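Colleague: My questions are about this predicted structure, shown below with the sequence.
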Amino acid sequence: MASVPPAAPPTSVILARSPALAPLLARGALLSPVKRPHPDAAFPRTRLVLPSLRVDPARLAAYERVCGFPTSGTGQKQENRRNAETGKTGKTGGTGETGEGSGALPLTYPHVLGFPAAVRLMSGRDFPLPLLGLVHTSLEITRHRTVPVTGTHRLGVHVEGLASHRRGTEATVVTGLRSPGGDLVWESRSTYLARHRASGPSSPARPVPRPEEESVTARPLPVVDAWLLAGDTGRRYGAASGDRNPIHLHPLAARLFGFPRAIAHGMWTVARCLAAHGAPEAVTVRADFKAPVLLPGTVTYGARDGRFELRGPGGLLHLAGEVRPA
């Protein structure tokens, strides 16, 4: 696909705190009908920066638990205190992630930290794609070294550009996390697709098969495990991550957008796979979201030689990814 490069480096805007998601989602929904997506449209040239971001241990522990990551020591202590007060017994997740569960953030968690700032950009009047119906299509993460839970982090988020897609227009959003000394320790690129009728010829590209076609043409990876997903998975992940998009929370809301039941967050599916797969300290992960996962439901997790995938009934490919040393 032919991308449109930014005309100038983004201008940094310092935020005192992470934005509240609920009003941003509401603003994005209200502005969506007036948006006119096009790959040549102007887009915000702003980098939102949180210069002294701290991790909430309780929310981190809830995230680790719902995604299957080992619970980090800092979050576990707070959860233990809470459980002691309520009489509950805490449970930790898997142990596949190298360096996780010992005071380090899970590989995917900085995306959660940056998501409110990303939504602030994508819900603004100057962002040309409608927030309603925007589809997260791919994710690439590079971690240069593990990120500690404690201390402060400098987080920045900006829109890198727009690109033509055979089904509409795709935006790339970049998130970067830096150490107090200014070193880039973690970065990601997420692509989001706004579907619309193309106004002209799309860029030359290999035809992309439909999800049901991929499930037939792509040879499945060896199955490692099968997961029974509860109907409240979206609500639990939404509470832990702050992403309370209605299509993930309740079947009635999901039906308004054409889904028969609530669907799992794409970021939950990749986090759950990486918790099972594991990763070295310096790592690059690429994941492509192929088809939504309906809740409740059953999926199979497959992996081999650094590749991983999530499939549903009939071999339908939901997620395909790869882990490689950075």
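Modeller: Perfect, I can see it now.

Colleague: which regions of the stretch 151-300 of the chain sit below the pLDDT cut-off?
Modeller: Applying pLDDT under 70 to the stretch 151-300 of the chain flags the ranges 198-217.

Colleague: which residues of it fall in helices?
Modeller: Applying DSSP state H, counting those that start in this stretch to the stretch 151-300 of the chain gives helices spanning 211-217, 233-241, 251-255, 266-277.

Colleague: Could you identify which of these is most buried?
Modeller: Between the helices of the stretch 151-300 of the chain, helix 266-277 has the highest mean count of neighbours, a mean of 25, where neighbours are mean count of other CB atoms under 10 Å. No exception for glycine: its C-beta is placed from N, CA and C like everyone else's.

Colleague: Just the C-alphas of that one, formatted as PDB.
Modeller: Output of helix 266-277 as PDB, limited to C-alpha atoms (Å, rounded to 0.1, in the frame of the first residue of the first chain):
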ATOM      1  CA  GLY A 266      -8.000  -7.800  19.700                       C
ATOM      2  CA  MET A 267      -5.400  -6.700  22.200                       C
ATOM      3  CA  TRP A 268      -6.600  -9.400  24.600                       C
ATOM      4  CA  THR A 269      -6.200 -12.100  22.000                       C
ATOM      5  CA  VAL A 270      -2.600 -11.100  21.200                       C
ATOM      6  CA  ALA A 271      -1.700 -10.600  24.900                       C
ATOM      7  CA  ARG A 272      -3.200 -14.000  25.800                       C
ATOM      8  CA  CYS A 273      -1.100 -15.700  23.000                       C
ATOM      9  CA  LEU A 274       2.100 -13.900  24.100                       C
ATOM     10  CA  ALA A 275       1.500 -14.900  27.700                       C
ATOM     11  CA  ALA A 276       1.400 -18.500  26.500                       C
ATOM     12  CA  HIS A 277       4.200 -18.200  24.000                       C
END
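
Colleague: where does that helix sit relative to the chain's centre, distance-wise?
Modeller: Between the centre of helix 266-277 and the centre of its chain there are 10 Å (CA atoms, centre = their mean, to the nearest Å).

Colleague: and what of stretch 30-44?
Modeller: Once both centres are worked out by CA atoms, centre = their mean, stretch 30-44 turns out to sit 22 Å from its chain's centre.

Colleague: Contacts only, for the closest residue to residue 229 other than its chain neighbours.
Modeller: Closest residue in space to residue 229, ignoring its immediate chain neighbours: residue 297 at 5.2 Å, by CB to CB, 6 or more residues apart in numbering. Residues near residue 297 by CB atoms under 8 Å, 6 or more residues apart in numbering: 229, 261, 312-313.

Colleague: Tell me how far residue 113 lies from residue 55.
Modeller: Using CB to CB, to the nearest Å, residue 113 is found at 7 Å from residue 55.

Colleague: Next: residue 326.
Modeller: 22 Å.

Colleague: How far does stretch 244-251 stretch from one end to the other?
Modeller: 13 Å (CA to CA, to the nearest Å).

Colleague: List the buried residues of that stretch.
Modeller: 245-249 (16 or more other CB atoms under 10 Å).

Colleague: Now find how far off-centre that stretch is within its chain.
Modeller: Centroid separation between stretch 244-251 and its chain, computed with CA atoms, centre = their mean, is 15 Å.

Colleague: go on, stretch 269-281?
Modeller: Taking CA atoms, centre = their mean, one finds stretch 269-281 lying 13 Å from the centre of the chain it belongs to.

Colleague: Just give me the residue closest to the centre of this structure.
Modeller: The chain has residue 267 as the residue nearest its centroid, 3.6 Å off, counting by CA atoms, centre = their mean.
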